[in-house]
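Engineer: what's the 3D shape of this:
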Amino acid sequence: MGEARRRGRPRDAKADLAILEATRDLLIENGYARLSMEGVAARTGVGKPTVYRRWPSKGALVADALHHSLLATTPGHAVAPPDTGDIERDLRTWHEAYTRITTDPRNVPLVLALTAAAAESPDDADVLYRQLSGPQHQALTDRLRAAADAGQLRADVDPEGLAAVADALVGALLYQLLTGNAAVAERRAAALVGILLAGLRG
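Structural biologist: Numbering: from 1, shown residues only. Modelled structure (predicted):
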């Protein structure tokens, strides 16, 4: 019995889902600044400790809410760009899909909330990077390295240069969202891919 108490009760998947959906709804209604763990608990009908047991901070909760929303709005969305042997086609395919997902009206408030969370707390910035930005960045860097190894890019491009290109591809979209220009994001993304590849090919 003591062992059972130490393990505690298993997490309730329905409660998790309700909390994530309440977080998303409150962000859309009120924005990040007015979001609170207490408000999420009240909207969900659970105690505040229930929320804190699952998520140690508001930023971590928002990161999970965005991840859940991405899966709901785009089932099976891929993190990694494809590898068809044509680096330009693969980057354009990835960036078009990434732009479409991120600028979905259901996701924009969550992306902006995560940006605010990252600026507010180094710990939340780390959660954001590990759960969302990091996998995207690593997948892009790996695809660019494979293209360089295959002779599709200049041989003298070092790993830091490839990481900087990944920074630009991920960061440019965030800039469009922060400045309220989501409507032009897809067009700008296409132009950016062309400019970056021109430099990488030399």
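
Engineer: Quick check: which ranges of this protein have low pLDDT?
Structural biologist: Applying pLDDT under 70 to the chain flags residues 1-11, 73-79, 124, 127-129, 131-132, 202.

Engineer: domain assignment for it?
Structural biologist: Listed by automatic domain parsing, the domain ranges of the chain are 2-71, 79-201.

Engineer: Redo those domains as JSON lines? Include mean neighbour count.
Structural biologist: Backbone N, C-alpha and C define where each C-beta goes, glycine included. JSON lines is the format used below for the domains of the chain (neighbours: other C-beta atoms under 10 Å):
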{"stretch": "domain 2-71", "mean neighbour count": "16"}
{"stretch": "domain 79-201", "mean neighbour count": "16"}
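
Engineer: now the biggest helix by length in the chain, how far from the chain's geometric center?
Structural biologist: Ranked by residue count under DSSP state H, the longest helix found in the chain is helix 159-178. Relative to its chain's centre, helix 159-178 lies at 13 Å (C-alpha atoms, centre = their mean, to the nearest Å).

Engineer: next one: stretch 191-202
Structural biologist: The chain centroid and the centroid of stretch 191-202 are separated by 24 Å, computed with C-alpha atoms, centre = their mean.

Engineer: I figured residue 39 was touching residue 27, is that so?
Structural biologist: No. Applying C-beta atoms under 8 Å, one finds residue 39 not in contact with residue 27, separated by 10.5 Å.

Engineer: Which parts of this structure are helices?
Structural biologist: Under DSSP H, the chain gives helices at 2-7, 13-30, 37-44, 48-54, 58-73, 87-102, 108-120, 122-128, 134-149, 159-178, 185-201.
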